[in-house]
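Novice: curious how this folds, go ahead:
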Amino acid sequence: MIDGSAPDSTASRLPSLPADLGPVRAADVVVSTVLWLGLSALSAVAGVMALLLVMAADGCGTSSDDGALLCGDGGGLLFFLGIAVLWLVLATAVLGSALLIVRGAIRRRRTWHWPLVGLVVGVAGCAAMIGWMVVLTR
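Specialist: Residues are numbered from 1 along each chain as shown. Sure, this is the predicted structure:
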């Protein structure tokens, strides 16, 4: 400014993205989308099937299972608490993987692995739910 030149434009002071960002790989986006749709479908099926688990776990009518936690006064509450936790885990897996896919695509990174991580989280949630039912029926 002292030498009479024009001041710098504001564009030169704004942060810029690194120049080495490559193009978004179409195959990565397609694979991530297909895997995420599969994760969503499997999570929906697992959530609905968890409600049917009560029929497999309910043995309260027989004399041998009268001492089970499920047959007590708070058994229904304990069962639906387990279902709610499973649904929360499945929703976190689906929505979390979707957010991480979008974030990775914006940053131009590979994203195909996030639905698989969500699948592992969902399977772990289902295993925990089955374990919870085993504890409730003993």
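
Novice: which stretches in the chain count as helices?
Specialist: Assigned by DSSP state H, the helices in the chain fall at 26-57, 75-106, 113-136.

Novice: quick one: V31 from G75, how far?
Specialist: 44 Å (Cβ to Cβ, to the nearest Å). The C-beta positions use only the backbone N, C-alpha and C, and glycine is treated the same way.

Novice: now L86
Specialist: 17 Å.

Novice: neighbour-wise, which of those two wins?
Specialist: Each of L86 and G75 has its neighbours counted (other Cβ atoms under 10 Å); L86 has more, 23 against 17.

Novice: check contacts around the residue lying closest to that one once chain neighbours are set aside.
Specialist: Among residues not flanking L86 along the chain, M129 sits closest, at 4.4 Å (Cβ to Cβ, 6 or more residues apart in numbering). Each residue near M129 by Cβ atoms under 8 Å, 6 or more residues apart in numbering is listed here: 50, 53, 82-83, 85-86.

Novice: could you dump these to TSV with distance to L95?
Specialist: What follows is these, written out as TSV (distance: Cβ to Cβ, whole Å):
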residue	distance to L95
A50	18
L53	23
G82	20
I83	18
V85	16
L86	15
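
Novice: hang on, T111 packs against S32?
Specialist: Yes: when contacts are counted by Cβ atoms under 8 Å, T111 is listed as touching S32 (4.5 Å).

Novice: between these two, which contacts overlap?
Specialist: Taking Cβ under 8 Å, 6+ apart as the criterion, T111 and S32 both touch 101, 105.

Novice: for V94, what are its contacts?
Specialist: Contacts of V94 (Cβ under 8 Å, 6+ apart): 36, 39-40, 43, 118, 122.

Novice: per-residue pLDDT, it?
Specialist: In this model, V94 is scored at 96, pLDDT.

Novice: and for A19?
Specialist: 53.

Novice: which residue, other than its chain neighbours, is closest to G96?
Specialist: The spatially closest residue to G96, leaving aside those adjacent along the chain, is G118, at 6.5 Å (Cβ to Cβ, 6+ apart).
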